[in-house]
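Trainee: Need a 3D model of the following:
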Amino acid sequence: MLTKRIIPCLDVTLDKEGGSVVKGVEFLNLIHAGDPVEFAKRYNEQGADEVVFLDITASHEGRATMIDVIERTADEVFIPLTVGGGIGSIDDVRQTLRAGADKVTINTSAVKNPHLIKETSDIFGSQCIVTAIDCKRNTNLEDNPDKTVLTLEDGTPAWYEVVIYGGRKSTGIDAVQWAKKVVELGSGEIMLTSMDKDGTYDGFDIPITRAISESVEVPIIASGGVGNPQHMYEGFTNGKADAALAASIFHFGEYTVSGTKKYLKDRGIPIRI
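Mentor: Here you go, the predicted structure:
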């Protein structure tokens, strides 16, 4: 059985110093939390399986990812580094991998140009291409007869709509159908964020995590909403995720990666200590 992965996420935006970890609720109200390189080193030492580095305002502000911060991080960190934000071309992928990333995540640009997934996975290998899917619950079923309807925790029927530009723009695309398409195009992994849960500390969005995990063969990284290790346990068991992403609970020292892994291992989750 493949071990489950614990992945701290560094949500980064440029500041005067050339980079700072930030974390907000639902991608807005960003709170500055420290230097990304220092965080990445800490997680490397705590036994994280990977680190994800998201330049969360890049697509929105239309600028390239912070290559220098990637280089500094890659120099200090010896676990796989996944980088996303503002990656919109083959050249962006090449530059990011060359700077020291092991994988890239493509989000907004993949929705606008799905062929980018195929082009980049053909060139660099599907193992390097992670499609990030940000989605929001939509209870309007009347006007959306072709959507994948799921049952929410309270019994409400809803479909999940793909959103882009850091959650600022709705697309009308069904998240489950989009997940199947990106895998067909060559994406080797999916990073799934529920905007309804992001930053809330209420736990992962189980209905959509489970639905996509059951719909595709590639690993699913659950993201958005972790408040404690129990939420990760639920993401792995009920949500059937392959990896759990978390930011705030690690950044502010509430939990450590090593402590979280011990908690999960003690509860029978296959995990690398």
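Trainee: The spatially most central residue of the chain in helix, strand or coil?
Mentor: With distances taken as C-alpha atoms, centre = their mean, the residue of the chain nearest its centroid is Met191 (3.9 Å). Following DSSP: H, G, I helix; E, B strand; the rest coil, Met191 is assigned to strand.
Trainee: If we ignore the residues flanking it in sequence, what's nearest Asn238?
Mentor: Ile206 (5.0 Å; C-beta to C-beta, 6 or more residues apart in numbering). C-beta: built from backbone N, CA, C; applies to glycine.
Trainee: what about that neighbour, distance to Arg137?
Mentor: 12 Å (C-beta to C-beta, to the nearest Å).
Trainee: The nearest residue to Asp55 once chain neighbours are set aside: neighbour count?
Mentor: Leaving aside its sequence neighbours, Asp55 sits nearest to Gly85 (C-beta to C-beta, 6+ apart; 2.9 Å). Other residues near Gly85 come to 29 when the count uses other C-beta atoms under 10 Å.
Trainee: Do you know the pLDDT at Gly85?
Mentor: Gly85 is assigned 85 on the pLDDT scale.
Trainee: Ala99 too?
Mentor: 91.
Trainee: That one: neighbour count?
Mentor: 19.
Trainee: For the stretch 151-273 of the chain, which segments count as strands?
Mentor: 157-164, 169-174, 189-194, 220-223, 243-246 (DSSP state E, counting those that start in this stretch).
Trainee: right, so these: which one is the most enclosed?
Mentor: Of all the strands of the stretch 151-273 of the chain, strand 220-223 has the most neighbours on average by mean count of other C-beta atoms under 10 Å, namely a mean of 28.
Trainee: right, and Asp102 touches Pro80 too?
Mentor: Yes. Using C-beta atoms under 8 Å, Asp102 is in contact with Pro80, at 4.2 Å.
Trainee: who touches both of these two?
Mentor: The contact sets of Asp102 and Pro80 overlap at Glu50 (C-beta atoms under 8 Å, 6 or more residues apart in numbering).
Trainee: Let me know the outermost residue of the chain.
Mentor: Glu142 (30.3 Å).
Trainee: mind checking the SS state of Leu10?
Mentor: Per three-state DSSP, Leu10 ends up strand.
Trainee: Can you name the residues bridging to it?
Mentor: Beta-bridge partners for Leu10, by DSSP bridges, are Phe53.
Trainee: which residue packs closest to Thr139, ignoring adjacent ones?
Mentor: Leaving aside its chain neighbours, Thr139 sits nearest to Ala158 (4.8 Å; criterion: C-beta to C-beta, 6+ apart).
Trainee: Kindly state the pLDDT recorded for the one you found?
Mentor: Value for Ala158, per-residue pLDDT: 97.
Trainee: can you start the count at 49 instead of 1 from here on
Mentor: With the count now opening at 49, the last piece we talked about shows up as Ala206.
Trainee: need the contact list for it.
Mentor: Contacts of Ala206 (C-beta under 8 Å, 6+ apart): 185-187, 189, 197-198, 200.
Trainee: again, but for Leu198
Mentor: By C-beta under 8 Å, 6+ apart, the neighbours of Leu198 are 205-208, 224, 255-256, 259.
Trainee: For the residue nearest to Asn286, grab the count of nearby residues.
Mentor: Neighbours of Ile254 (other C-beta under 10 Å): 23.
Trainee: Also Gly316?
Mentor: Gly316, neighbours per other C-beta under 10 Å, totals 10.
Trainee: roughly how far apart are it and Lys309?
Mentor: Remark: distance between Gly316 and Lys309 (C-beta to C-beta) = 13 Å.
Trainee: Now the common contact residues for these two.
Mentor: In contact with both Gly316 and Lys309: no residue, using C-beta under 8 Å, 6+ apart.
Trainee: okay but the residue nearest to Asp103 is in contact with Ile115, surely?
Mentor: No. Between Gly133 and Ile115 there is no contact under C-beta under 8 Å: 11.5 Å.
Trainee: Can you give me the neighbour number for Ser306?
Mentor: 15.
Trainee: wait, doesn't it sit right on Tyr91?
Mentor: No. Assessed by C-beta under 8 Å, Ser306 is found out of contact with Tyr91, at 9.9 Å.
Trainee: re the thing from before, hang on, the residue nearest to the centre of the chain packs against Ala292?
Mentor: No. Judged on C-beta under 8 Å, Met239 makes no contact with Ala292 at a distance of 11.1 Å.
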